[in-house]
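A.B. asks: Have a look; sequence and predicted model below, questions after that.
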Amino acid sequence: MDVGFSMSNSAPGEEPPFELAKKVIQKFVQRQVFAETKDEMALVLFGTDSTKNPLEQDGQYQNITVHRNLMIPDFELLEEIANQIHPESQQADWLDALVVCMDLLKKQTEGKKYDRLVIVLLTDLCTQASPDELDIIIDNLKTAGITLQFFLPFPAGDDEEGGGDGDRGGSGHPGAGKGLSREQEQGLDMVKHVMLSLDEEDGLDEIYSFRNALEQLCMFKRIERRPTAWPCQLTIGSSLSIRIVGYKAVMDERLKKTWITVDAQTNKRDDVKRETVYCLDDDNETEVQKEDIIQGFRYGSDIVPFSKVDQDQMKYKHDGKCFAVLGFTKQSNIHRHQFIGNQVIKVFAPKDDEHAGVALSALIRALDELNMVAIVRYAYDRRCNPQVGAAFPCIKQHYECLMYIQLPFMEDLSHFTFPSLENKKFVPTEAQLSAVDSLIDSMMLVEKDESGEQKDMLKVHHIPNPAFQRHFQCLHHRAVNPGTPLPPMEPWLKAALERPEVISERCQAPLEEVKRKFPLTAVEKKKQLKTSAQIFGKDTGEPDAKKAKGDEEEEDYNLADIAEGSVTSVRTRVIVFIFFCLVVVTPVSFPVCQQLTHRIEQLLSNKNTHYYMKSITCIQAFREQSVKLGKADLYNSYLQSLKRSIPNRGLEVFWDLLVQDAVTLISKDEVEGSTVSKNEANQFLITDEKKEEVAAPTTEDTGDVDDLLDMM
Amino acid sequence: MAEWNAYYRNEDDEEEQEEGEQSGGMVTGRDSLVFLVDASKEMFIKEEDGKPSNFDMTMQVVRSVYTSKITSSYRDLVALVFYGTEQSKNPRNSFKHVYVYHDLDEPGAKRVQEVDELRGSKGAQLAAKTMGSGETSLGDALWCCANLYSDIKLRLSHKRLMIFTCRDDPHEGDSVKDRQGRTKASDLRDTGVIINLMHLMKPGGFDVSLYFRDIITPPEDESDLGLQLEPCAKLEDLQNRVRAKEKKKRVLNRLNLCLGEGINVAVGVYSTAVPARKPPPIKLYRETNEPVRSKTRVFHTQTGSLLLPSELKKAQVYGKKQIVMETDEVDSIKKFEDPGMFLIGFKPMEKLKLHHHVRPAVFLYPEEDDVKGSSCLFSALLKRCSERNMFALCRFTARRNYSPRFVALVPQEEESDEGKGQITPAGFNVIYLPFADDIRTLDAPQLPCASQEQVDKMKQIVTKLRFKYRSDAFENPAIQQHFRNLEALALDMVAPEDIEDLIMPKVDQIDTRLGPLVQEFKDLVYPANYNPETKPAAKRKTGGAEKKPKVELPEDELRAHVQNSTLGKLTVPVLKDACKKFGVRTTGTKKQELIDALIAQYFTKFML
């Protein structure tokens, strides 16, 4: 990477090339770290103030620093990039830097096995490079089998916008519109010369602009697994066999790593020990030693002791690995929704066995022409139970194969019958059907473009699993910015999961029509209430006339969400927000608190869980802000008085909710000035039996509580 | 909730599993099923052509339900009651001519044996001896069954009663008994018992409308009273019919299919094909064979004090760095949106690729009870998609804290077989689609293709071995063997019954059918000296089968590997040795687990 002084030059309002180049490297390293590839990486900086490289001698190869030798990238490298790499004030010849990199690759790959050697150059080409030894360098690159990639602040071509992104380029490339300096022009010519000498046809495809690179690097690498070959023989009867090799082609992929449990204080795994003990199901819970435990199985109401040894001896055994044809059947007899398992295996002939290739090809083509499939017995190996499955013929332009998918056993199926939908009550009218028709028309994801070719707007199998992307995003954030809350989801990821914009615009009117033509009314049901948050969320039996207007749909969420401001209920958000504004702008002061506690009282006078929950939200916010501002007295005294008034006002239900959410006094541990100890705070929520006589606050205000809230 | 667990066993989180058991407002009690079987003389009449009698057939069905309950849902309660017997046997002996063979209880090995005793001609003799055939009073029989239900102290979620008979006029015109039967049936129905009729062959035809129409529970679907059903003549039909009714369809969850702002169709998600597994073993105390409970405690290694969940955090190691998160953060990462299905658009069916398969499909059916109008819109969508040969692409979040998946809603029209019953219900099959991560890049070998002559020869072979595949034709031999073993142990049998491995190719039959075709095909594709059975010349085996000398890993090398994150390059045996050598305790055997353990050790030992 070029860190020379010109790299920090930029037009006003534009990010300097240095920052962009650094981001490209960061993104690249991040992807490598989380993909856990075994690729090794070195970092060479040029244009540095100092010089540190093995070739420096007699004033040659100056201002070039080998920052890190070839090894697997890790967070250390990421942190170094973030903290130690700054723009410097020298300039260096990028061809010299290239030579240092070649030397490094040569020396540090000695004795290692590798697939590919790549040098990636990030520079603005502002320094004059001496072309004297260009041809020798090119020859050396060729002999060493090194691939080059250039990342520049501007697109490489005049008409073609650099690295294969022709259609996207031109949009906001800084410096693209402006003329390049003479050095840059010359440099670019040299880059092109080098690239075309290395690869006459596609050489220029390996020149990228920073912008395009960043766009493409924004997602984490998809999980890549090296396919493992499964050699076997396809057999038909006892005397016809064909040598085959199977590979998993589609597989419900999961993350390789699982969470380990660590001690919250030390963050050490070894500090946590998990122990399982066994006990009898009696009153004393008599403990039983592990040695005295045997294994059994249930057979209906009986429990049959059945030791592991016996089990292994008696269990179903088979001859191991196999791919044996049971027979052939029409493809139409196989129902797609009855596919089972979580993978698809592609079956080829071994690549060095053309006779097997021909034999397998005959089978594949025969099945294809007859529209049939083979039903096979498949066993991965001796340890795995055999399956039954279908081998479909698959003929592609470049290859042929069988695709094996598991089918169900009788035990796996459940036959449910459902009432027919051809019921008078549900049969849609012609008008309704045509509304659905126009909805389908407006939401077609596959369309013919001008050239008459079908275009699929949303290929979901090109979208990376959002769960993995989010997982890595959060891990990365925590690693790089410890102590800060997790970031929101990346906008591009959110967008990738939504309807394509064209569709969502186009379907508006048809959707409205469907809405008009099909009346849908949610049936109110008594729900089992569990936590206060859910009472809040699912509060449907509310007698409030305003609520009945169906002003907003409140969703299921927990109180933690409220604190994060991610609450979907507009009204609640408003309350909390206003309160935050009040207390944040003016530090918790008496008038504000009075105003707030007054509102809480009003909410409480409306004995209804809906309002109880709002009160709790307010109290929580009150507490949070008080802690933040280090003032406990006002809050504590309010809560104490509230507690005293509970029995008189019949607010026990409310109190229970408060207890569930563990909203207690602010203790000394949290705010120094508090007079309440942690223990007292914990004890506080336990209601004592004796009722204290305290005058209930006046609640004569009978106005519309919601209006009051709105005024707040 | 067996189905829930079976279905979501793939999912990684145990905690969520527990949660799932509570949520969704699903029924939690036990299912119960009473077989009320006619024991009149007519039931024992044997057909001339050696076909089993109605009674024999019924007993076979009862047995198969017993064993299937044992294997799939042992907690369900099953009873077997005979009516029209000479002898009487019931809890308070208050009913004449009603013989409770098994009262409502979990089925076990002994009960299977007892039903077995009633099968065949010996069984008929035994039945005649112990019970005999006598007067019939369906009213008494139903009353007795009602008592069976009310004697159960457990909570019952689903109550079903199946009447097996071949007499359409059981009381032969006795109007008092007829009325009594009707009253008792209606009482029973009022308590939530669903009464089905499994009517069997009767010379001259079984007329349901004569009497039983007033006894049975009307079908959920009013347009079809289910009365035109033919009586069951074949065991297979009866078995299918019983199987269809015997299991209550359990909804995995109910959620909204959202077409757009404010257009929510309530749907239920059902699983129709879930891999059955061997049930997990139970830990027993050696002395008494009673089950033990396990308790797991988490404590601090140094202080020995118990650790509360709030005193624990979660961590993963990437790029040599341990990244720590709060437990609730781990959950929040997984959360994208609330459970539901969101319509993205439509695609023609040919865009649904056969090989885009990552999980078993589920089935979607409207829930009119949750959102009124759902069925109509659902039905309109289904109809149009089906007629236009389209599928709907949706984003699907199955449960809380599950990340979304894309699914294809493939329309399925209702199919019935000549008035005998539903083969496939109307609804959408939900096909899970792969993400980019799920698709692997393969290097397909470049090989020559077969000539038309070769293909044609293979076509002859294929045609010779055609059969009609049926999805329920194959039993899982591993599971069958497991249960036979248990059965043998439970019933003190000398050896378990043999199982037939149905997925074993019938090699002899295949060979006879193909005859000379195999050789002809081989002559066409294989050269004379080619033998596909032999393995290709082994490349690496040189000299004797001597094992490689054990590779010892010195400590500094290990350290270097940890520092450079190159542990992955070592083999599992070397890693295992290293673990042993450096005193790293490991529970895992997978490479990643070994590596994680070594890295953790490294952090504690060298760095901290």
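C.D. replies: It's in. Residues are numbered from 1 along each chain as shown, chains lettered A, B, ... in the order given.
A.B. asks: And the helices in the stretch 201-350 of chain B, which stretches?
C.D. replies: With DSSP state H, counting those that start in this stretch as the definition, the stretch 201-350 of chain B shows helices at residue ranges B:235-246, B:327-334.
A.B. asks: weakest of the ones you listed in terms of mean pLDDT?
C.D. replies: Averaging pLDDT over each of the helices of the stretch 201-350 of chain B singles out helix B:235-246 as the lowest, with a mean of 68.
A.B. asks: can you put the helices of the stretch 201-350 of chain B in a markdown table and add distance to residue B:104 and mean neighbour count?
C.D. replies: The way it works is simple: take the backbone N, C-alpha and C, and place the C-beta from them, glycine included. Shown next, in a markdown table, are the helices of the stretch 201-350 of chain B (distance: least, Cβ to Cβ, whole Å; neighbours: other Cβ atoms under 10 Å in any protein chain shown):
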| stretch | distance to residue B:104 | mean neighbour count |
| --- | --- | --- |
| helix B:235-246 | 15 | 18 |
| helix B:327-334 | 41 | 17 |
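A.B. asks: Those helices: which one's closest to residue A:498?
C.D. replies: Ranking the helices of the stretch 201-350 of chain B by their distance to residue A:498 (criterion: Cβ to Cβ) puts helix B:327-334 first, at 19.2 Å.
A.B. asks: Show me what the closest one packs onto, helices and strands only.
C.D. replies: Here helix B:327-334 touches helix A:466-480, strand B:312-318, going by 3 or more Cβ pairs under 8 Å, 6 or more residues apart in numbering or on different chains; DSSP states H and E.
A.B. asks: Identify the residues contacting the shortest one?
C.D. replies: In this case it means strand B:312-318. Outside of strand B:312-318, the residues within contact range by Cβ atoms under 8 Å, 6 or more residues apart in numbering or on different chains are A:33-34, A:36, A:75, A:257-264, A:267, A:269, A:272, A:475, A:479, B:298, B:322-327, B:329-330, B:596, B:599-600.
A.B. asks: distance between stretch B:408-425 and the chain's centre?
C.D. replies: Remark: stretch B:408-425 is offset 20 Å from the chain centroid, using Cα atoms, centre = their mean, to the nearest Å.
A.B. asks: outside of it, which residues touch it?
C.D. replies: Contact with stretch B:408-425 is made by A:336-337, A:416-418, A:420-422, B:228-230, B:237, B:240-241, B:244, B:347, B:349, B:352, B:363-365, B:382-383, B:385-386, B:390-394, B:426-431, B:433, as judged by Cβ under 8 Å, 6+ apart.
A.B. asks: coming back round to it: packed most tightly, which of the helices and strands packed on helix B:327-334 would that be?
C.D. replies: helix A:466-480 (a mean of 21; mean count of other Cβ atoms under 10 Å in any protein chain shown).
A.B. asks: Now look at it and say if it contacts chain B.
C.D. replies: Yes - using Cβ under 8 Å from any Cβ of the partner chain, helix A:466-480 comes into contact with chain B via A:466, A:467, A:468, A:470, A:471, A:474, A:475, A:478, A:479.
A.B. asks: wait, doesn't the third one sit right on residue A:255?
C.D. replies: Yes - in this structure, residue A:468 is within contact of residue A:255 by Cβ atoms under 8 Å, at 6.4 Å.
A.B. asks: any low-confidence regions in chain A?
C.D. replies: Counting by pLDDT under 70, chain A contains low-confidence residues at A:157-179, A:222-224, A:525-596, A:606, A:687-712.
A.B. asks: Could you identify the longest helix within it?
C.D. replies: helix A:609-629 (DSSP state H).
A.B. asks: still on that earlier bit, PyMOL command for the buried members of the contacts of strand B:312-318?
C.D. replies: Those of the contacts of strand B:312-318 that count as buried under 16 or more other Cβ atoms under 10 Å in any protein chain shown are selected in PyMOL with:
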select buried, (chain A and resi 33+34+36+75+257+260+261+262+263+264+269+272+475+479) or (chain B and resi 298+322+323+324+325+327+330+596+599+600)
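A.B. asks: re the thing from before, can you redo the residues of helix A:466-480 next to chain B as CSV with distance to residue A:45?
C.D. replies: Written out in CSV, the entries for these read as follows (distance: Cβ to Cβ, whole Å):
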residue, distance to residue A:45
A:466, 36
A:467, 37
A:468, 32
A:470, 33
A:471, 32
A:474, 30
A:475, 27
A:478, 28
A:479, 23
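A.B. asks: now, among those, which is nearest to chain B?
C.D. replies: Within the set of those, residue A:467 lies nearest chain B; the separation is 3.4 Å, counting by Cβ to the nearest Cβ.
A.B. asks: Quick check: closest non-adjacent residue to that closest one.
C.D. replies: Excluding the flanking residues, the one nearest residue A:467 by Cβ to Cβ, 6 or more residues apart in numbering or on different chains is residue B:403, at 3.4 Å.
A.B. asks: mind listing what that neighbour touches?
C.D. replies: With contacts defined as Cβ under 8 Å, 6+ apart, residue B:403 is in contact with A:465, A:466, A:467, A:470, B:334, B:336, B:397.
A.B. asks: could you say what helices and strands the next helix or strand along the chain from the longest helix of chain A packs with?
C.D. replies: If you walk from helix A:609-629 toward the C-terminus, the next helix or strand you reach (DSSP states H and E) is helix A:633-649. The contact analysis (3+ Cβ pairs under 8 Å, 6+ apart) places helix A:633-649 against helix A:590-605, helix A:609-629, helix A:652-660.
A.B. asks: gap between the shortest one and the chain center?
C.D. replies: What that stands for is helix A:652-660. Here helix A:652-660 is found 37 Å from its chain centre; the criterion is Cα atoms, centre = their mean.
A.B. asks: and the angle from it to helix A:609-629?
C.D. replies: With axes from the mean of the first three to the mean of the last three Cα atoms, to 10 degrees applied, the angle from helix A:652-660 to helix A:609-629 works out at 40 degrees.
A.B. asks: buried sites along helix A:652-660?
C.D. replies: Buried residues in helix A:652-660, counted by 16+ other Cβ under 10 Å: A:654, A:655, A:657, A:658, A:660.
A.B. asks: Against which helices or strands is it packed?
C.D. replies: Identification of packing neighbours for helix A:652-660 by 3+ Cβ pairs under 8 Å, 6+ apart yields helix A:532-537, helix A:609-629, helix A:633-649.
A.B. asks: Tabulate the CA atom coordinates of the one helix or strand residue B:115 maps to in CSV.
C.D. replies: When elements are defined using DSSP H and E, residue B:115 is found to belong to helix B:109-116. Output for helix B:109-116, consisting of C-alpha atoms alone and laid out as CSV, is shown next (Å, rounded to 0.1, in the frame of the first residue of the first chain):
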residue,chain,number,x,y,z
ALA,B,109,-45.2,-54.4,25.4
LYS,B,110,-47.7,-56.4,27.3
ARG,B,111,-50.6,-54.8,25.6
VAL,B,112,-49.2,-55.5,22.2
GLN,B,113,-48.8,-59.1,23.1
GLU,B,114,-52.4,-59.3,24.3
VAL,B,115,-53.7,-57.8,21.1
ASP,B,116,-51.6,-60.3,19.2
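A.B. asks: That one near chain A at all?
C.D. replies: Yes - when contact is scored as Cβ under 8 Å from any Cβ, part of helix B:109-116 falls within range of chain A: B:109, B:110, B:111, B:112.
A.B. asks: now what about that helix, what contacts it?
C.D. replies: Taking contacts as Cβ under 8 Å, 6+ apart, the residues outside helix B:109-116 that touch it are A:299-300, A:302, B:59, B:62-63, B:66-67, B:70, B:78, B:80, B:101-102, B:105, B:123, B:487, B:490-491.
A.B. asks: Any regions of the stretch 351-500 of chain B where pLDDT drops low?
C.D. replies: Low-confidence segments of the stretch 351-500 of chain B, defined by pLDDT under 70, span residues B:418-421.
A.B. asks: Which parts of chain A belong to which domain?
C.D. replies: With the TED database as the criterion, the domains of chain A are listed as A:5-157+A:180-217, A:223-255+A:265-411, A:575-684.
A.B. asks: do chain B as well
C.D. replies: Domain assignment for chain B by the TED database gives B:30-246, B:251-275+B:335-438, B:452-467+B:475-525, B:555-607.
A.B. asks: quick one, which of these is packed in tightest?
C.D. replies: Relative to the other members of these, domain B:251-275+B:335-438 carries the highest mean neighbour count by mean count of other Cβ under 10 Å, namely a mean of 20.
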